[in-house]
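*Asks:* Everything below, folded, please.
(chains A, B and C)
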Amino acid sequence: MEKSHVFEWNNSAFQQKVLAWYDQNRRILPWRAKKNSKPSPYHVWLSEVMLQQTTVPAVKKYFERFTSLWPTIHDLANSPPDTVMQEWAGLGYYARARNLIKCAGIVSTDLNGKFPENEKDLKLLPGIGPYTAAAISSIAFGNNSVVVDGNVERIVSRVFKVDDPLPLAKKQIHALAKHFYEGITSKRAGDMPQALMDIGATVCTPKSPKCAICPMSDMCAVRQCSDNPDLYPRKLPKAKKPHREGKVYWLETEAKQILIEKRSDEQMLGWMFGFPGTSWDGVGNDFVAPDINWDMVGDVTHVFTHFSLKLEVLRGRMPIGKIKLNKNQYLIDITEVENIGFPSLFKKVLKLALPIRNKHPG
DNA sequence: GTCCGGAGGG
DNA sequence: CCCTCCGGAC
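*Replies:* Okay, the predicted model is just below:
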């Protein structure tokens, strides 16, 4: 759409409205520095990685926990990877945690604990892509980067009334987003993306945005033509998810131990603990279940981004001496199994199998 | 159950 | 440019 069809667009007028709103309404978040001061690059990086695909409320506790366990990037880099993975459990998208660990190692040892300041060098680090590089360079270092996340995409699509559907409209939206940042001073460079995120999260929300109190409403094309903002950004219909099925085994010993395994780098939920089973992600081999009597415990269902999964949970017992452990497999005491940080899929398995086990110890 | 939110990497 | 990765709110 041609923005001039609706009104005369003015970059700095828009920026002033947004920044004035931010000065009055900014959210207080653990990773944000006080007004007029820059937060630590370590905090910005850690929070931005956690915030990828994850909501602010979910991230808060994890951020507090991580920074209290590891006050500096050196502390994080020196921690055993398993400990970091355990602390990440429940946050999802575990590749982020694996990249976080790799990145911490590089910054701590190769770069003396200093993050690069420009987008180009930031993007060379594991887990830092276009968005995160732009966010760190502007928020931590005051560079005027064009930061585009889902909030900014949504705001752009409404303010400029972009009628092409996502993801086709990505490039167009990114180009239009430049208007939001052009000419911002270094002093305000970090505030602008954060202001847009705050407005996106609290005012220009995906559904039923609060246009009546929006600082951008008189410059918003969708608002000005009384279109329904809920319809923006337009999106291509998504493909139906395929369904997969498999088995998962709860194998216990007479000594009240449970068999768990650490998943490999290549598998889904890599580096996390889980229970053995058939390969439901198309990677690795099926668990060769010992020839014993298996009781059906029930089904667990879980939905991932690109498929839904149903696992049949089977429970069996055998003497400890008969169990041959592969590497990456461990026998863990029944009293400790609840303390393992499992990803959600295996938490469901645990929740199903453990009470039955306690009721009928065999 | 359904929808929502998005970046990294090959 | 396409594929791959979860959890929570409702």
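*Asks:* SS state for A:Ala104?
*Replies:* helix (DSSP: H, G, I helix; E, B strand; the rest coil).
*Asks:* A:Ile106 contacts A:Leu122, correct?
*Replies:* No - contact criterion C-beta atoms under 8 Å: A:Ile106 and A:Leu122 do not qualify, at 11.6 Å. The C-beta positions use only the backbone N, C-alpha and C, and glycine is treated the same way.
*Asks:* Between these two, which has more neighbouring residues?
*Replies:* Neighbour count, other C-beta atoms under 10 Å: between A:Ile106 and A:Leu122, A:Leu122 has more, with 25 against 14.
*Asks:* Look up how far DNA strand B lies from the residue nearest to the more buried one when sequence neighbours are not counted.
*Replies:* Once flanking residues are discounted, A:Leu122 sits nearest to A:Ala133: 3.9 Å by C-beta to C-beta, 6 or more residues apart in numbering. Distance from A:Ala133 to DNA strand B, counting by C-beta to the nearest atom of the strand, to the nearest Å: 7 Å.
*Asks:* Give me the number of neighbouring residues for A:Ala133.
*Replies:* A:Ala133 - counted by other C-beta under 10 Å - has 22 other residues nearby.
*Asks:* Could you name the helices and strands sitting against the one helix or strand it maps to?
*Replies:* Element membership for A:Ala133, per DSSP states H and E: helix A:130-139. Counting contacts by 3 or more C-beta pairs under 8 Å, 6 or more residues apart in numbering; DSSP states H and E, helix A:130-139 packs against helix A:41-51, helix A:119-122, helix A:191-202.
*Asks:* any chance of those helices in CSV, with distance to A:Ala255 too?
*Replies:* Listed next are those as CSV, based on distance: least, C-beta to C-beta, whole Å:
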stretch, distance to A:Ala255
helix A:41-51, 39
helix A:119-122, 50
helix A:191-202, 50
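*Asks:* CA atoms only for the helix or strand hosting A:Arg98, dumped as PDB, please.
*Replies:* Taking DSSP H and E as the criterion, A:Arg98 maps to helix A:95-105. The C-alpha atoms that make up helix A:95-105 are tabulated as PDB, following Å, rounded to 0.1, in the frame of the first residue of the first chain:
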ATOM      1  CA  ALA A  95      18.700 -25.400  20.700                       C
ATOM      2  CA  ARG A  96      18.700 -22.000  22.200                       C
ATOM      3  CA  ALA A  97      20.300 -23.300  25.400                       C
ATOM      4  CA  ARG A  98      22.800 -25.400  23.400                       C
ATOM      5  CA  ASN A  99      23.800 -22.200  21.500                       C
ATOM      6  CA  LEU A 100      23.800 -20.200  24.600                       C
ATOM      7  CA  ILE A 101      26.400 -22.500  26.100                       C
ATOM      8  CA  LYS A 102      28.500 -22.400  22.900                       C
ATOM      9  CA  CYS A 103      28.300 -18.600  22.700                       C
ATOM     10  CA  ALA A 104      29.200 -18.100  26.300                       C
ATOM     11  CA  GLY A 105      32.300 -20.200  25.800                       C
END
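*Asks:* what about it, near DNA strand B?
*Replies:* Yes - with C-beta under 7 Å from any atom of the strand as the criterion, DNA strand B is reached by helix A:95-105 at A:95, A:99.
*Asks:* That helix to helix A:41-51, inter-axis angle?
*Replies:* Angle, helix A:95-105 to helix A:41-51, by axes from the mean of the first three to the mean of the last three C-alpha atoms, to 10 degrees: 160 degrees.
*Asks:* how about A:Glu252, phi and psi?
*Replies:* phi -120, psi 160 (degrees, to the nearest 10).
*Asks:* residues contacting it?
*Replies:* Going by C-beta atoms under 8 Å, 6 or more residues apart in numbering, A:Glu252 touches A:258-259, A:315-317, A:334, A:357.
*Asks:* Let's see that with 10 Å instead.
*Replies:* Neighbour list for A:Glu252: A:258-259, A:315-318, A:320, A:323, A:331, A:334, A:337, A:353, A:357, A:361-362 [criterion: C-beta atoms under 10 Å, 6 or more residues apart in numbering].
*Asks:* Thank you kindly, that will do.
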